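Novice: starting from these lines, generate the structure:
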Amino acid sequence: MFEIQQGAYRDRYLQLVAHRPGGRVLEVGCGPGWLALELGRRGQIVEAYDVSPGAIAVARQMLAENPFTGGFGQVHYHLADPTQADLGVEQYDAVHGWSAFHHLPDFRGFMKRVMRALKPGGIVATMDDYPRRQLEVNVQRFLGLVLPTTERSYADKLRAVGRRLGGRTVDAPEVFSPMEQEKYTTVSDIRDVFSNEFELVLDVPFNAFAMGVMPLLAGPDWWRYPVARAIDALDKLGCRSGIWRANNRMIVSRKAR
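Specialist: Numbers count the residues shown, from 1 in each chain. Got it, this is the predicted structure:
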């Protein structure tokens with residue numbers, strides 16, 4: 001289901017970040033390290049940062065077990081805050097963060113350092129999370145109600161509808177971790193900086209509601225995957241036309257040469 005919705009976008013993202021053979025890449029918030037590995041497999045030299053000891057431990061284990069050694073570049077994992085690192089001047093061919101930039105306490109200040117750290121023609125890239133409106137939440141709920149899904153039977157769904165209509169179900173307020181507190185203001189800054197301070201290369205909004213439904217579809221594969229593709233197509237068409245507000249946005253820009 002991930003491949004249906006994001007596979008082509010992810011591959012384009014990796015292609016743009018790894019645009020120079022043997023390029024040097026800074027990764028912000030690498031998590032368990034899967035993207036750094038993918039870039040390493042494309043011959044890149046990756047300096048990957050995260051503040052989570054658990055994430056870095058998993059990343060280093062995955063790197064040690066990496067079976068794709070042919071043409072592999074280098075991946076170095078750092079248990080450190082990338083905003084405190086010395087990025088230097090024109091040291092990197094690309095700087096990217098997959099669902100990471102909205103965590104930074106001073107995003108605009110960090111991006112000024114990124115501008116200095118990038119070589120001319122260097123790439124800055126992100127896939128970040130954006131807020132959804134009640135419209136997209138309701139579309140997801142409707143599709144989850146009418147389509148067979150793995151987590152609830154139709155009897156359970158009807159009872160849930162009855163409780164909601166009777167006022168016995170109240171949506172809990174969204175809870176933010178400390179790193180997410182400023183999320184909804186930072187995401188607008190991300191789009192502004194990537195489009196105003198750099199040359200915009202790719203800007204793809206997607207996932208208004210699709211990934212809340214697609215992985216839960218029940219039934220045989222010959223039915224699940226065509227239905228998933230139809231939901232994904234409806235989602236992407238609405239995001240491109242402005243009907244839906246996307247929950248995710250992939251943005252890639254280039255520093256002027």
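
Novice: list the contacts of stretch 77-85.
Specialist: 26, 28-30, 33, 36, 47-53, 56, 59-60, 63, 104-106, 110 (C-beta atoms under 8 Å, 6 or more residues apart in numbering). In this view, the C-beta of every residue, glycine as well, is placed from N, C-alpha and C.

Novice: now do 10 Å
Specialist: Stretch 77-85 is touched from outside by 26-30, 33, 36, 46-53, 55-60, 62-63, 95, 97, 100, 103-107, 109-110, 113-114, 117, with contacts defined as C-beta atoms under 10 Å, 6 or more residues apart in numbering.

Novice: take those residues and keep only those in strands.
Specialist: 26-28, 46-50, 95, 97 (DSSP state E).

Novice: these two touch, right, Met115 and Val193?
Specialist: Yes. Using C-beta atoms under 10 Å, Met115 makes contact with Val193 at a distance of 9.2 Å.

Novice: settle it for me: which of these two has more neighbours?
Specialist: Val193 (22 against 17; other C-beta atoms under 10 Å).

Novice: circling back to that earlier point, show me the common contact partners of Met115 and Val193, please.
Specialist: Common neighbours of Met115 and Val193 (criterion: C-beta under 10 Å, 6+ apart): Val124.

Novice: how far away is the spatially closest residue to Gly43 that is not a sequence neighbour from Tyr130?
Specialist: Leaving aside its chain neighbours, Gly43 sits nearest to Gly73 (4.5 Å; criterion: C-beta to C-beta, 6 or more residues apart in numbering). Separation of Gly73 from Tyr130 (C-beta to C-beta, to the nearest Å) stands at 32 Å.

Novice: how about the ones in strands among the contacts of stretch 77-85, which pair is most distant?
Specialist: Using C-beta to C-beta, those span at most 14.7 Å, a distance reached by Asp50 and Val95.

Novice: so for those two, which sits in the more crowded spot?
Specialist: Counted by other C-beta under 10 Å, Asp50 and Val95 do not tie: Val95 has more neighbours, with 29 against 25.

Novice: so what's the nearest residue to that one once chain neighbours are set aside up against?
Specialist: Spatial nearest neighbour of Val95, excluding adjacent residues (C-beta to C-beta, 6+ apart): Leu26 at 4.5 Å. Taking C-beta under 10 Å, 6+ apart, we find Leu26 in contact with 46-49, 82, 85, 87-88, 91-97, 114, 117-118, 122, 124.

Novice: give me the neighbour count for Asp129.
Specialist: Neighbours of Asp129 (other C-beta under 10 Å): 16.

Novice: that one bridge partners, please.
Specialist: Asn248 (DSSP bridges).

Novice: likewise for Arg24?
Specialist: On the basis of DSSP bridges, Arg24 is bridged to Ile45.
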